[in-house]
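Visitor: Quick check, what structure comes out for this input:
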Amino acid sequence: MSTAYVFPGQGSQKKGMGAELFEKFPELVASADEVLACSIVELCTEDPREELNKTQFTQPALYVVNALTYLDKINSGEAAPAYLAGHSLGEYNALFAAGAYDFVTGLKLVQKRGEIMSKVEGGGMAAVLGMSAEQIAEVLSGNGAGAIDVANFNSPAQTVLSGMKDDIVAAEGAFKDAGAKRYVVLPVSGAFHSRYMEAPREEFRSFVNSFEFGKIKTPVISNFEADLYDSSRIADLLCSQIAGSVRWVESVNKMKDLGVEEFVECGPGRVLAGLIRQIG
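Guide: Okay, the predicted model is just below:
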């Protein structure tokens, strides 16, 4: 049976995550503390300054916990995955697991990504539940909502929109009128995975281009293309992902087409397991 390991992104973080893992990997924890200039254990398990839900802290914290979860599975003798994928931030863990870069390099990339994304203001995002992607496209094209992009194609029943905050709030009525079961404005300050992230994308590109990446040893599915990563395009695809849609439904279906029968979520929570069930 072919297995894929999948890594969650922002939204899966919770206080207490990783508590059972940190003592197993003291050297990696020390490296994370050095890169982040704070205690990763304190941030994840106690969060005394209430920073865990701020994107510049969420992203590196989740990366560390996802990575340690993966390493713990491998060290425990679980079968190595045939394929890897991650949702948004989680894609950095997939590339780490694939051997494209080491733990610290991935953490530095994620730290910079979170730092850049935390500076974005004026944007907003909303989850639309109970409408197909086709119905959503119809609403966006027919209601003067052309300034809104689809950020995440999460499942057949859950799609996340991204745009300027005023536009996101104003669009709720159109989606409710069109039959959406729920329209949930998310607590974020940026229009992540949309055209409004093009400037942050280019800022990130100048940082990413200072790194050299290794050859991918286990196939990774790209969020941006919903297809297999090419080792020569790692930097380009990581940058494109910031301003592009997370094509999670297509990514999961691609892995199924490649023969994947079991998905193992490596990280806190069961968000991806739920989405994969909805995809069917």
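Visitor: Could you find the closest non-adjacent residue to residue 111?
Guide: Using C-beta to C-beta, 6 or more residues apart in numbering and skipping residues adjacent in sequence, the residue nearest residue 111 is residue 60, 4.9 Å away. From N, CA and C alone the C-beta is placed, and that goes for glycine too.
Visitor: no wait, residue 182
Guide: Counting by C-beta to C-beta, 6+ apart, residue 129 is the residue found nearest to residue 182 once chain neighbours are left out, at 4.2 Å.
Visitor: quick one: the one you found and residue 161 touch, right?
Guide: No. Counting by C-beta atoms under 8 Å, residue 129 does not reach residue 161; the two are 11.6 Å apart.
Visitor: Please say which of the two ends up with more neighbours.
Guide: Each of residue 129 and residue 161 has its neighbours counted (other C-beta atoms under 10 Å); residue 161 has more, 28 against 15.
Visitor: what about that one, which helix or strand?
Guide: Assigned by DSSP states H and E, residue 161 belongs to strand 158-164.
Visitor: outside of that strand, which residues touch it?
Guide: 122-129, 131, 133, 136, 140, 147-154, 168, 171, 186, 191-194, 196, 275, 278 (C-beta atoms under 8 Å, 6 or more residues apart in numbering).
Visitor: Tell me how far the residue nearest to residue 41 when sequence neighbours are not counted lies from residue 56.
Guide: Nearest residue to residue 41 in three dimensions, chain neighbours excluded: residue 22, at 5.0 Å (C-beta to C-beta, 6+ apart). Using C-beta to C-beta, to the nearest Å, one gets 21 Å for the distance from residue 22 to residue 56.
Visitor: Next: residue 218.
Guide: 29 Å.
Visitor: Could you check what's spatially nearest to residue 229, not counting adjacent residues?
Guide: The shortest distance from residue 229 to any non-neighbouring residue, by C-beta to C-beta, 6+ apart, is to residue 220 (4.3 Å).
Visitor: ok, how many other residues are close to the one you found?
Guide: Look at residue 220: counted by other C-beta under 10 Å, it has 25 neighbours.
Visitor: How about the contacts made by residue 114?
Guide: Applying C-beta under 8 Å, 6+ apart to residue 114 gives the contacts 55, 56, 57, 58, 59, 60.
Visitor: hang on, the third one packs against residue 42?
Guide: No. Residue 57 is beyond contact range of residue 42, at 11.2 Å (criterion: C-beta under 8 Å).
Visitor: residue ranges of the strands in the stretch 51-200 of the chain, please?
Guide: With DSSP state E, counting those that start in this stretch as the criterion, the stretch 51-200 of the chain has strands at 83-86, 123-129, 149-155, 158-164, 182-185.
Visitor: Out of the ones you listed, which is the most enclosed?
Guide: Most buried of these, by mean neighbour count (mean count of other C-beta atoms under 10 Å): strand 83-86, with a mean of 27.
Visitor: Send me that one as CSV with only the CA atoms.
Guide: C-alpha atoms of strand 83-86 as CSV (Å, rounded to 0.1, in the frame of the first residue of the first chain):
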residue,chain,number,x,y,z
TYR,A,83,5.0,10.8,-1.6
LEU,A,84,5.1,14.0,0.4
ALA,A,85,2.9,17.1,0.4
GLY,A,86,2.1,20.0,2.6
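Visitor: Check the offset of it from the chain's centre.
Guide: Between the mean C-alpha location of strand 83-86 and the chain-wide mean there is a distance of 11 Å, by C-alpha atoms, centre = their mean, to the nearest Å.
Visitor: Distance of the closest residue to residue 197 other than its chain neighbours relative to residue 159?
Guide: Once flanking residues are discounted, residue 197 sits nearest to residue 243: 4.1 Å by C-beta to C-beta, 6+ apart. Counting by C-beta to C-beta, the gap from residue 243 to residue 159 is 17 Å.
Visitor: Could you find the closest non-adjacent residue to the most centrally placed residue in the chain?
Guide: Nearest to the geometric centre of the chain sits residue 88, at 2.1 Å (C-alpha atoms, centre = their mean). Distances taken as C-beta to C-beta, 6+ apart put residue 9 closest to residue 88, at 3.6 Å, once the chain neighbours are dropped.
Visitor: In the stretch 101-250 of the chain, where is pLDDT below threshold?
Guide: Residues of the stretch 101-250 of the chain meeting the criterion pLDDT under 70: none.
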